[in-house]
Structures are given as structure tokens and as C-alpha cells.
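J.: Show me how the following folds:
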Amino acid sequence: MKNSKERSTGLLIFLCIITFGIYAFFWIASVEYEYAKLQTVESKRVKVIFLTIITFGIYILFWSYKIGK
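T.: Residues are numbered from 1 along each chain as shown. Just a heads-up that it's a prediction; the model follows:
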């Protein structure tokens, strides 16, 4: 993503372990908001987090692929 905030992968993993995975949802929401802002579309943070929880994390793989395109 152009002009996106650079995030540390190591810090993400560390915080996910320390917070028992709760930080991952915050990270998903913040990245989705940033992506929507760059694409000038409405953010779908609630949808992404809900689908990630319902599918036990499988949806996040599709979402990551979609963001990376």
C-alpha cells in the first residue's frame, strides 16, 4: 500500500501472544480503516472482524490476499 503506516511484524506477534489474540482484532480494524481511507471507500471493519471470528481466522487469509492485490 502506498503511503501506509509501516508496522512491525515482530511487535504484532508479541502483542498477540501477550493479549491472547485480542490485539490481532485491533490490528485488523486499524489496517482495514487505513486501506479504506487510501482507497476512498467506506471501511468495513466490523464486517471483517465478525467474519474473522465466525470463520476462526480463515477469512483473514482472503482479506489479506484482497488487500495485497
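J.: C-alpha only now, for contacts and for neighbours.
T.: Noted.
J.: List the contacts of the spatially most central residue of the chain.
T.: Nearest to the geometric centre of the chain sits residue 28, at 2.1 Å (C-alpha atoms, centre = their mean). For residue 28, the contact set (C-alpha atoms under 8 Å, 6 or more residues apart in numbering) comprises 45, 48, 49.
J.: next helix or strand past whatever helix or strand it lives in?
T.: Element membership for residue 28 (DSSP states H and E) is helix 22-39. Tracing the chain C-terminally past helix 22-39 and defining elements by DSSP H and E, one meets helix 45-54 next.
J.: How far away from the center of its chain is the helix or strand just after that following helix?
T.: Later in the chain than helix 45-54, the nearest helix or strand by DSSP H and E is helix 58-68. Taking the mean of its C-alpha atoms, helix 58-68 sits 9 Å from the chain's own mean (C-alpha atoms, centre = their mean, to the nearest Å).
J.: And residue 65, how close does it get to residue 15?
T.: 23 Å (C-alpha to C-alpha, to the nearest Å).
J.: Neighbour count: the two, which is higher?
T.: More crowded of residue 65 and residue 15, by other C-alpha atoms under 10 Å: residue 15, with 15 against 10.
J.: Low-confidence stretches in this protein?
T.: Scanning the chain for pLDDT under 70 picks out 1-5, 39-43, 68-69.
J.: list the contacts for the residue in it sticking out farthest from the centre?
T.: Taking C-alpha atoms, centre = their mean, the residue of the chain most remote from its mean C-alpha position is residue 18, at 17.8 Å. By C-alpha under 8 Å, 6+ apart, the contact set of residue 18 is empty.
J.: Dihedrals phi and psi, it?
T.: For residue 18, the backbone dihedrals are phi -60, psi -40 (criterion: degrees, to the nearest 10).
J.: what's the spacing between it and residue 61?
T.: From residue 18 to residue 61 the distance is 22 Å (C-alpha to C-alpha).
J.: For residue 21, give me its contacts.
T.: residue 15.
J.: Backbone dihedrals for it, please?
T.: Residue torsions, per degrees, to the nearest 10, at residue 21 are phi 90, psi -10.
J.: now do residue 9
T.: Dihedral angles for residue 9 - degrees, to the nearest 10 - are phi -70, psi -40.
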